[in-house]
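Engineer: A predicted structure for the sequence below; I have some questions about it.
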Amino acid sequence: MIETLLNPEEVVLEKEDGNHVVYTFQNKTFRLDKHKARQRLEAKRVINGPRSAELNVLPLKYHEAYRIYKQMKANHWEPDVIDMTKDCTLWNSDKLSAKERWIIEMGVGYFSSAEGIVGDSVLHVIEDNLTAAELKHASLRQIAEESIHMDSLLHIIGSLNIDLDEVTAKFQDIPSIRRKNEYITRHMPELKMGIDLTKTENKQKFAKALFGITQVMEGTQFYALFAMILSLHRQNKMTGIGQMFQYTLRDESNHIALGRYILQELINENPDIWTEAFRQELVDFMAEGVALEKEFVRDCLPEDIVGMSQKDFLEYVDYNADRRLTSLGLPALSTVKNNPFIWLDEVMFLKKEKNFFETRVTEYQTSGSVKNTNEDDLI
Ligand code: MN
Ligand code: FE
């Protein structure tokens, strides 16, 4: 599912030249003293490494994090320029059923709090404890993207003229949302206070938070509702929202990849974390997240509607949970093997090829032409 667009070797070129190591990226060349560079490289750690105020990524150790950072920048988008005219017309008409309307309301209600929880946790729990500059860079970029996602929800709320207080109050009272949020933030207050990360049990708490935010929440608990909203989009309903959720989903795929990479590097450097008991703790944590997510799916889609079957969305929860677990070498929880929404992977793949700003130019150029070949209208 996670397609590689930027090749790590193309992002940063690294070669030795006499007493120097030479890095080439961003059309610039950096020459570092080989001996000093090697010392700094060897001292770099995911956690508990030396910290430097200037956040200089060189010498680069965690290449994949830097590649993801560049990928995230290449995917930049702006919510407030996305046209909501068609969404407003449909929202204020009788052509949207009460059940379809409810899915949009759940999308706005859940993600308004969820994006904030992710942004806050990545800032105070994850980024704060990372010590390697290239990991911090990527993590800070993720935080900025969570702000863009929060902004996109405001753009939706403002465009559709939804009462913000009403939405907030309504969704604070929905037990399935409350339980999901409470479950994911359960261990955060302790981690936010700053814990001694040289102790194995604390390293495990940090690893679990990283797993919880990026693999359970972003990687599993976001996807069913994304798929529901993109199913509406596919039926040409609420297409402005659909487009924003496509861009958000593409961002999330990078957040999941980054989280997994940091977790893998953390475990490589700290094998004391990866005990049998801890692996089981992560699997159990995911199982609890899956159960809460299925309860949430049943709230969003109490019964099948045109183009959407509840069974498919429940299977999609299992499918996503299992691919997050197995990608970390953990056992799958379910027997679901196939993605019930193949078309969603295709959407993701197409979107990765697409540059937000270029698309906008194309849209302006083709407006008024007879046939609109913008791929957004094809999905
Ligand atoms: Mn997000
Ligand atoms: Fe995210």
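Structural biologist: Here it is on my side, so go on. Ligands and ions are numbered 1, 2, ... in the order given.
Engineer: okay, now Lys294: neighbour count?
Structural biologist: 17 (other CB atoms under 10 Å). The way it works is simple: take the backbone N, C-alpha and C, and place the C-beta from them, glycine included.
Engineer: next up, the contacts around it.
Structural biologist: Each residue near Lys294 by CB atoms under 8 Å, 6 or more residues apart in numbering is listed here: Leu314, Val317.
Engineer: and Cys300, by the same measure?
Structural biologist: Cys300 sits in contact with Trp102, Ile103, Met106, Ala224, Leu225, Met228, Phe313, where contact means CB under 8 Å, 6+ apart.
Engineer: any buried residues in the strand or helix carrying Ile177, and which?
Structural biologist: Using DSSP states H and E, Ile177 sits in helix 175-185. By neighbour count on 16 or more other CB atoms under 10 Å, the buried set for helix 175-185 is Ser176, Ile177, Lys180, Asn181, Tyr183, Ile184, Thr185.
Engineer: for ligand 1, what is the nearest residue in the protein?
Structural biologist: His149 (4.0 Å; CB to the ion).
Engineer: sec struct for Tyr23, please.
Structural biologist: Under DSSP: H, G, I helix; E, B strand; the rest coil, Tyr23 falls in the strand class.
Engineer: mind listing the residues bridging to it?
Structural biologist: Taking DSSP bridges as the rule, Tyr23 bridges to Glu14, Phe30.
Engineer: for Leu32, see how far away it is.
Structural biologist: Remark: distance between Tyr23 and Leu32 (CB to CB, to the nearest Å) = 7 Å.
Engineer: shared neighbours, the two?
Structural biologist: Common neighbours of Tyr23 and Leu32 (CB under 8 Å, 6+ apart) are Leu58, Pro59.
Engineer: what lies in contact with the helix holding Ile177?
Structural biologist: 109-110, 113-114, 117, 121, 171-172, 212-213, 216-217, 221, 288-289, 292-293, 295-296, 298-299.
Engineer: ok, 7 Å please
Structural biologist: Counting contacts by CB atoms under 7 Å, 6 or more residues apart in numbering, the residues outside helix 175-185 that touch it are 109-110, 113, 117, 171-172, 212, 216-217, 221, 288-289, 292, 295-296, 299.
Engineer: can you list the residues of this structure near ligand 1?
Structural biologist: Taking CB under 5 Å from the ion as the contact definition, the chain meets ligand 1 at Glu115, Glu146, His149.
Engineer: so the second one is in which element?
Structural biologist: If I follow you right, that is Glu146. Glu146 belongs to helix 133-160, assigned by DSSP H and E.
Engineer: which other helices and strands contact that helix?
Structural biologist: Counting by 3 or more CB pairs under 7 Å, 6 or more residues apart in numbering; DSSP states H and E, the packing neighbours recorded for helix 133-160 are helix 63-74, helix 85-91, helix 98-121, helix 239-269.
Engineer: for whatever helix or strand Asp284 lives in, buried residues please.
Structural biologist: Asp284 belongs to helix 276-300 when assigned by DSSP H and E. Neighbour counts over helix 276-300 (16+ other CB under 10 Å) mark 278-279, 282-283, 285-286, 289-290, 292-294, 296-297, 300 as buried.
Engineer: count the neighbours of Trp91 for me.
Structural biologist: Neighbours of Trp91 (other CB under 10 Å): 20.
Engineer: list the contacts of the nearest residue to Ile162 once chain neighbours are set aside.
Structural biologist: Distance criterion CB to CB, 6 or more residues apart in numbering; nearest residue to Ile162, sequence neighbours excluded, is Val108 at 6.6 Å. Counting by CB under 7 Å, 6+ apart, Val108 touches Leu153, Ile156, Ile157, Ile162, Val167.
Engineer: how close does Val108 sit to Ile241?
Structural biologist: From Val108 to Ile241 the distance is 9 Å (CB to CB).
Engineer: identify the contacts common to the two.
Structural biologist: Ile156.
Engineer: before we move on, the earlier item: could I get the contacts of Cys300 as TSV with neighbour count and pLDDT?
Structural biologist: Formatted as TSV, these follow (neighbours: other CB atoms under 10 Å; pLDDT from 0 to 100):
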residue	neighbour count	pLDDT
Trp102	17	94
Ile103	22	95
Met106	23	93
Ala224	24	97
Leu225	22	96
Met228	25	97
Phe313	25	98
